[in-house]
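In: build the 3D model from these lines:
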Amino acid sequence: MLKKLLAAAGLALAILPAVQAQGVYPNKSIRLIVPFPPGGGTDILSRLIAQKLTEVDKWSVVPDNRAGAGGTIGITEAVKAAPTGYDIVMGQKDNLVVGPWLYGNLPWDPTKDLVAVAHVAYTPVVIATSANSKFKTLADVVAAAKAAPDAITYGSPGNGTTIHLAGHLFEKAANINIRHIPYKGSNPALMDALAGNVDLLVSSVPSAMAQIKAGKLRPLAVTSAVRSSSLPDVPTVAESGYKDFDVSTWYGVFAPAGTPANVVTTLNTEINKLLANPEIKAAIQAQGAEPVAMKVDQFASLLKADYAKWKGIVQSSGAKVE
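Out: As a prediction, the model looks like this:
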């Protein structure tokens, strides 16, 4: 019996170095896929989270921009990644909830092929125009659009985003026809709006906030049910005469399906700690977003509920991207 115990102890000691060599997660760099180009709201929040995980937790988190197709290219790359926790993605309602119903051929289901890791923030959409624009209010836009259908243009971060659909739903609510110009991300759309190449910008608040603060972009309305705490003087679309209009988006971290539960829990715990930090909360709010921490199951439930809800919204709107 003693020999057996000694043999078992020897085996355990032999295995221990291999286990210790693997280390506790994470023991190497984590890639945070950003499904949009640099400069947009998703990129800003992603880099803030990556920077703070690196500073506070002493992890190495590296943002990797993989833009295109309304953010679905970056999501596709995350779905195909090994489920180890070393390839994660900053997803949002745009590409995970709206996109799948707009694009008819996506090779993944967000509720099955991804794991909800940590909710980061939510934000309304803002309808804005250049400070040099003739449009001073949303009513000005509606009047001009009715006088000249399809003559007014609006830029968005791309087809298949909540932002694109917010513009589309506003057209329907106001009974007007304005022309959608999709871009490969928020920043290109913003630059063209500032230059006057498109009449309006429909954007997340974080993407537009710096230029609004600089006085170069004039916000006309936000699309949420209540005013944004970051833009308290800007009316909602509902206040502007379109009752019950409510479109907002959220951002959160996801991992490929099959990622170990302990890794998901570690990521969720550390990101939620960041969101509770007053300095980090203030940094997120300064970008026009509202930080909200959730447990893993809460975030998974939000994804599933929104995924089912927005199927009907997209289908009833008639919007479709082939």
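
In: contacts, neighbours, all on C-alpha from now
Out: Fine.

In: which residues in this structure form helices?
Out: For the chain, the helices defined by DSSP state H occupy 2-22, 41-56, 72-80, 93, 99-102, 110-113, 138-147, 162-174, 186-195, 205-213, 261-276, 278-286, 296-317.

In: so where's this structure uncertain?
Out: Counting by pLDDT under 70, the chain shows low-confidence ranges at 1-23, 160, 317-322.

In: ok so, going back, among the helices of the chain, which is the most enclosed?
Out: Mean neighbours per residue, mean count of other CA atoms under 10 Å, is largest over the helices of the chain for helix 99-102, with a mean of 24.

In: that older thread, could you dump the helices of the chain into a markdown table and include distance to residue 226?
Out: What follows is these, written out as a markdown table (distance: least, CA to CA, whole Å):
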| stretch | distance to residue 226 |
| --- | --- |
| helix 2-22 | 49 |
| helix 41-56 | 20 |
| helix 72-80 | 29 |
| helix 93 | 19 |
| helix 99-102 | 25 |
| helix 110-113 | 28 |
| helix 138-147 | 16 |
| helix 162-174 | 15 |
| helix 186-195 | 23 |
| helix 205-213 | 14 |
| helix 261-276 | 22 |
| helix 278-286 | 16 |
| helix 296-317 | 19 |
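
In: can you say which of these is nearest to residue 240?
Out: Using CA to CA as the measure, helix 138-147 is the one of the helices of the chain that comes nearest residue 240, at 7.2 Å.

In: I'd like to know which elements the strand of greatest length in the chain is packed against.
Out: Across the chain, the longest stretch assigned as strand under DSSP state E is strand 114-130. Packing contacts for strand 114-130, counted by 3 or more CA pairs under 8 Å, 6 or more residues apart in numbering; DSSP states H and E, involve helix 186-195, strand 200-204, helix 205-213, strand 217-222, strand 248-256, helix 261-276, strand 290-291, helix 296-317.

In: residue 87: which of those is closest?
Out: Closest of the helices and strands packed on strand 114-130 to residue 87 is strand 248-256, at 6.9 Å (criterion: CA to CA).

In: parallel or antiparallel, list what pairs with the closest one.
Out: According to DSSP bridges, strand 248-256 forms sheet pairs with strand 87-92 (antiparallel), strand 114-130 (antiparallel).

In: hang on, the earlier thing: of all the helices of the chain, which lies closest to residue 227?
Out: Nearest to residue 227, of all the helices of the chain, is helix 205-213, at 11.6 Å by CA to CA.

In: and the closest one, what other elements does it pack with?
Out: Using 3+ CA pairs under 8 Å, 6+ apart as the test, helix 205-213 ends up in contact with helix 41-56, strand 114-130, helix 186-195, strand 217-222.

In: dump these to JSON lines, plus distance to residue 241.
Out: Shown next, in JSON lines, are the helices and strands packed on helix 205-213 (distance: least, CA to CA, whole Å):
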{"stretch": "helix 41-56", "distance to residue 241": "28"}
{"stretch": "strand 114-130", "distance to residue 241": "15"}
{"stretch": "helix 186-195", "distance to residue 241": "25"}
{"stretch": "strand 217-222", "distance to residue 241": "11"}
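
In: mind checking those for the one nearest to residue 97?
Out: Scanning those with CA to CA as the criterion, the closest one proves to be strand 114-130, at 12.4 Å.

In: just want the angle from the closest one to helix 41-56.
Out: Inter-element angle recorded for strand 114-130 and helix 41-56: 120 degrees (by axes from the mean of the first three to the mean of the last three CA atoms, to 10 degrees).

In: just how off-centre is strand 114-130 within its chain?
Out: The chain centroid and the centroid of strand 114-130 are separated by 5 Å, computed with CA atoms, centre = their mean, to the nearest Å.

In: same check, this time on stretch 300-320
Out: Computed by CA atoms, centre = their mean, the chain-centroid distance of stretch 300-320 equals 16 Å.

In: again with stretch 203-222
Out: If you compare the mean C-alpha spot of stretch 203-222 with that of the full chain, they lie 17 Å apart, counting by CA atoms, centre = their mean.

In: okay, how far is it across that stretch, tip to tip?
Out: With CA to CA, to the nearest Å as the measure, the first residue of stretch 203-222 is 10 Å from its last.

In: outside of that stretch, which residues touch it?
Out: Residues from elsewhere that reach stretch 203-222, judged by CA atoms under 8 Å, 6 or more residues apart in numbering: 39-42, 44, 123-132, 136-138, 156-157, 163, 186-187, 190, 194, 228, 234-237, 240, 249, 287-289.
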